[in-house]
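*Asks:* pasting a predicted model and its sequence here:
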Amino acid sequence: MKDIILIVFSMQIVVPDERRTTLLRTLGAMLGPTRVTPGCLDARLYSDLDRRETLLLVEEWESRENFEHNLDMAKLNAIVAAIDLSSEAPVVRVDAVEREEGVEALALHRSVPADGSRGTWPES
C-alpha cells in the first residue's frame, strides 16, 4: 500500500442505440490525446455488459494540476457534446484518492491456517 494523491475523473453516460456509435466516436477520439498528456496515468472507455446503453469514461491523473491542465476548450467541448447525446442525466465525478492498494488488500479477508500454509478464501 502506498499513500498518494491520485485524481480519478469518471463520466457515466446512458445513450440510446441510435446515438451509441456517435458517442463512442466522440469519447474514443479523446482517449489517444488524453493518454499522452503529461500526468495522465490511464484513460479508458468501458461498456456495461448488462446495460449496453451505459458507457463509462475513466481517467486517472498524477495530480489535480495535471487533470486541470488537460481540461482545455476542445476537451470540454467534447465532454459537453457527449453529455448532449445522453438520454439520462450523466454521472460525472472527480475523486481524489489518498491511498492505492492492490490484490494484497484482499488477502486480509482470506482464511489462513495456523500452520502458515496458503489457506482458503472464506465461504460466503
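*Replies:* Done, it's in. Numbers count the residues shown, from 1 in each chain.

*Asks:* surely residue 97 is within a strand?
*Replies:* Yes. Residue 97: assigned to a strand according to DSSP: H, G, I helix; E, B strand; the rest coil.

*Asks:* name the helix or strand for the residue lying closest to it once chain neighbours are set aside, please.
*Replies:* Distances taken as Cβ to Cβ, 6 or more residues apart in numbering put residue 6 closest to residue 97, at 4.2 Å, once the chain neighbours are dropped. Every C-beta, even on glycine, is put in place using the N, C-alpha and C of the backbone. For residue 6, the host element (DSSP states H and E) is strand 2-14.

*Asks:* one more: residue 78?
*Replies:* Applying DSSP H and E, one finds residue 78 within helix 73-85.

*Asks:* from residue 84, how far out is residue 60?
*Replies:* Distance, residue 60 to residue 84, by Cβ to Cβ, to the nearest Å: 25 Å.

*Asks:* who has more neighbours out of the two?
*Replies:* residue 60 (19 against 11; other Cβ atoms under 10 Å).

*Asks:* and the more buried one, its phi and psi?
*Replies:* The phi and psi values for residue 60, taken as degrees, to the nearest 10, are phi -120, psi 130.

*Asks:* which residues touch it?
*Replies:* Taking Cβ atoms under 8 Å, 6 or more residues apart in numbering as the contact definition, residue 60 lies against 6, 7, 8, 40, 41, 42, 43.

*Asks:* quick one, helices of this structure?
*Replies:* 17-35, 64-70, 73-85, 104-107 (DSSP state H).

*Asks:* residue 95: which of those helices is closest?
*Replies:* helix 64-70 (10.7 Å; Cβ to Cβ).
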